[in-house]
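1. this one's structure only:
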């Protein structure tokens, strides 16, 4: 697993890495996690 990003996410009900692994096992291909952000929070 490669984890790159500026945000640390926490879900007490199910860890994000576990969710990614489950989806990989379900689809058998690369899985990415994304997060919607406000345009004002994005810089070029």
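-> On my side now, so go ahead. Computed from a predicted structure; not experimentally measured. Numbering: from 1, shown residues only.

2. all contacts plus neighbour counts: C-alpha atoms, from now on.
-> Noted.

3. Tell me which residue is most central in this protein.
-> For the chain, residue 33 is the residue whose C-alpha lies nearest the centre (Cα atoms, centre = their mean; 2.6 Å).

4. Go through stretch 25-32 and flag the buried ones.
-> With burial defined by 16 or more other Cα atoms under 10 Å, not one residue of stretch 25-32 is counted as buried.

5. can you tell me the distance between the two ends of it?
-> End-to-end distance for stretch 25-32: 13 Å, by Cα to Cα, to the nearest Å.

6. Please report phi then psi for residue 12.
-> phi -70, psi -20 (degrees, to the nearest 10).

7. Next, count neighbours for it.
-> Each residue near residue 12 was counted by other Cα atoms under 10 Å, and the total is 6.

8. Check the one 5 residues further on too.
-> The criterion is other Cα under 10 Å. On that basis, residue 17 has 13 neighbouring residues.

9. Now do the helices in this structure.
-> Counting by DSSP state H, one finds helices in the chain at the ranges 16-27.

10. Show the model's pLDDT score for the residue nearest to the centre of the chain.
-> pLDDT for residue 33: 73.

11. Grab the nearest non-local neighbour of it.
-> residue 20 (7.6 Å; Cα to Cα, 6 or more residues apart in numbering).

12. State the distance from the residue nearest to residue 10 when sequence neighbours are not counted to residue 7.
-> Distances taken as Cα to Cα, 6+ apart put residue 16 closest to residue 10, at 7.1 Å, once the chain neighbours are dropped. Using Cα to Cα, residue 16 is found at 12 Å from residue 7.

13. Which one's more surrounded, the two?
-> The neighbour comparison of residue 16 against residue 7 (other Cα under 10 Å) goes to residue 16, with 15 against 7.

14. where's residue 17 relative to residue 25, distance?
-> From residue 17 to residue 25 the distance is 12 Å (Cα to Cα).
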